[in-house]
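> Could you look at this predicted model? Sequence included:
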Amino acid sequence: MDYDIVVVGAGPAGCLAAKYAAKNGAKTLIIEEHASIGSPVQCAGLLSTSAIRECEVVPDSGFHPITGAFVYAPDRRRIRISGGEIKAYVVDRRIFDRTLAENAVRSGADILMRTRVVGIDIGREAHGRGRRRILHVTIEGEPDVIGADVVIGADGVQSRIARWAGLDTPDTVLSGAQVSTVYDFEDPRFVEIFPGSCAPGFFAWAIPYHRSARIGLAVRPGSGSGVEHESAWAHLKRLIAEHPVVSEKCDPGIAGIALGGIPISVPQQTAADGLLIVGDAAGQVKPTSGGGVYPGAVCAKIAGKIAADAVMEGDTSARRLSEYDKLWRGRIGRELAIGRRINEWMTRLSDSEINRLIRVLDDGELLDLITRYGDMDHPSVVVRKLLMNRKSMSAFLKMALMR
Ligand SMILES: Cc1cc2nc3c(=O)[nH]c(=O)nc-3n(C[C@H](O)[C@H](O)[C@H](O)COP(=O)(O)OP(=O)(O)OC[C@H]3O[C@@H](n4cnc5c(N)ncnc54)[C@H](O)[C@@H]3O)c2cc1C
């Protein structure tokens, strides 16, 4: 089998990269190791309206609308952030990812399911400016090889494609755990967020999805001390059993468990000779929320287009493909870097500092500012506004001086 472009992984990043490669004239194949796209689900499914737009999907009645958030301090005080209109939707990732795969097929891409890449070689023959890649695969257990001018590694947080190509993989990976269950939401259009020691290095969440709920958290391995080193799953069990707010509202009966890694750092390079990496494989995830669908979609579309252009030009060298690296960093690199700094800062806050922070933000003027400028995909905007506001800035300074 020979293709211009082979995309490894049929997650959102892989499907969108394949769609854009095919749309731009390249003979494109997606390879997916599982028998079913979108399974197993390792996601809360909370996607901003702009993430859904970026994925070129139209919301339907299966999408659960979200208009706001309650953020709870460890001392149970909470702030309510809401602008009234729909800011995000909660989706079923199995259906969502399948829609993206169907869209890639409609644009001309082929898909091979139950096919796993087990190795990758650089072809011996010189091919224009760049060398072909040879993928060693098993198709329904049977060994085979597939040739490609360009391989796009969209194989998720544990990307082996990146490692085989000699590219770095993200060095900071949060550990996430989530259950599906029943939860007593005060308002089913609001998500609930719980920063603090219940989820060291990140936060816990309760997300409504029609009549059920996704309760989860992520922790940063190595952040804090003692109990912080326990697994995300141990923290989640404790959250459900003991957290003063969650334990009161959450049914202990669990209908499903999802565990997974969330990369929050980007590697130095995302392009090599005849190869690109995209999505979680390239750490393209918002460090403030753990959301990877929006940044992955932005970058995947760039990757698909650049890979197809490179094939058409007969130059698939690392130098030619590094245009992808330049373009995606230009689009979202700064936002990811600022997000990383916000995450580092949040990680260092103690429970009592978070209590104080929520008390400061529980103010009409500041809540109005957060509502107006808060953007799940571009948190730097609201942070800049808060840093320019006299009231919040003086409170932040006081907090910094008291550390
Ligand atoms: C608990 C949790 C909650 C989350 N919640 C959200 C959320 O609410 N919103 C959000 O935006 N993001 C969320 N995320 C992150 C989001 O799930 C990921 O960022 C997103 O799925 C990444 O998409 P991707 O296409 O890069 O990779 P994936 O979706 O991981 O897809 C990779 C695909 O590659 C396939 N694959 C891997 N290796 C091979 C191989 N060798 N051969 C063939 N196929 C292979 C895999 O089977 C998989 O289908 C969450 C993550 C976790 C862990």
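On my side now, so go ahead. Numbering: from 1, shown residues only.
> CA only for contacts and neighbour counts going forward, please
Fine.
> so where do the helices sit in the stretch 101-250 of the chain?
Counting by DSSP state H, counting those that start in this stretch, one finds helices in the stretch 101-250 of the chain at the ranges 160-164, 232-242, 246-249.
> Give me the contacts around the first one.
Translated: helix 160-164. Identification of contacts with helix 160-164 by CA atoms under 8 Å, 6 or more residues apart in numbering yields G119, I120, G153, D155, D168, T169, I277, A281.
> do you know how far the fifth one is from the ligand?
Distance of D168 to the ligand, computed by CA to the nearest ligand atom, to the nearest Å: 16 Å.
> How about the second one?
Summarising the geometry, the distance separating I120 from the ligand, computed by CA to the nearest ligand atom, is 10 Å.
> out of everything not next to it in sequence, what's closest to that residue?
Residue nearest to I120 in three dimensions, not counting chain neighbours: L135, with 4.6 Å by CA to CA, 6 or more residues apart in numbering.
> for the ligand, what are the nearby residues on the stretch 1-150 of the chain?
8-14, 31-34, 42-47, 115-118 (CA under 6 Å from any ligand atom).
> For the least confident helix or strand in the chain by mean pLDDT, list the C-alpha coordinates in CSV.
None of the helices or strands of the chain scores lower by mean pLDDT, DSSP states H and E than helix 390-401, at a mean of 74. The C-alpha coordinates for helix 390-401 follow below in CSV (Å, rounded to 0.1, in the frame of the first residue of the first chain):
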residue,chain,number,x,y,z
ARG,A,390,-6.7,48.3,40.1
LYS,A,391,-8.9,46.3,42.5
SER,A,392,-7.8,42.8,41.5
MET,A,393,-4.1,43.9,41.0
SER,A,394,-3.8,45.3,44.5
ALA,A,395,-5.4,42.1,45.9
PHE,A,396,-3.0,40.0,43.9
LEU,A,397,0.0,42.1,45.1
LYS,A,398,-1.1,41.7,48.7
MET,A,399,-1.4,38.0,48.3
ALA,A,400,2.1,37.8,46.7
LEU,A,401,3.6,39.8,49.6
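> Run through who's touching it.
Contacting residues not belonging to helix 390-401 are listed as E353, L357, V360, L361, L366, L386, L387 [CA under 8 Å, 6+ apart].
> Measure how far that helix is from the centre of its chain, please.
Chain-centre distance of helix 390-401: 31 Å, with CA atoms, centre = their mean, to the nearest Å.
> Could you list the low-confidence segments of the stretch 201-350 of the chain?
Scanning the stretch 201-350 of the chain for pLDDT under 70 picks out the ranges 222-230.
> what's the burial count for the residue nearest to I120?
23 (other CA atoms under 10 Å).
> shouldn't it be in contact with V150?
No: contact criterion CA atoms under 8 Å: L135 and V150 do not qualify, at 10.6 Å.
> residues in the stretch 301-403 of the chain within reach of the ligand, list them.
So the stretch 301-403 of the chain never meets the ligand (CA under 6 Å from any ligand atom).
> Can you list the residue ranges for helices in the stretch 301-403 of the chain?
For the stretch 301-403 of the chain, the helices defined by DSSP H, counting those that start in this stretch occupy 318-328, 334-348, 351-361, 364-373, 379-388, 390-401.
> Tell me which of those helices sits most buried.
Greatest average neighbour count among the helices of the stretch 301-403 of the chain goes to helix 318-328 (a mean of 19), per mean count of other CA atoms under 10 Å.
> Other residues contacting that one?
For helix 318-328, contacts defined as CA under 8 Å, 6+ apart pick out 130, 269-276, 298-299, 302-303, 306-307, 310.
> What is the distance between it and the centre of its chain?
21 Å.
> can you pull out the strands in the stretch 1-150 of the chain?
Counting by DSSP state E, counting those that start in this stretch, residue ranges of the strands within the stretch 1-150 of the chain are 2-8, 28-31, 46-48, 64-66, 68-72, 78-82, 88-90, 110-112, 115-126, 131-139, 142-153.
> Which of those strands sits closest to V246?
Shortest distance between V246 and these, using CA to CA, is found for strand 68-72: 10.3 Å.
> Alright, that wraps it up for me.
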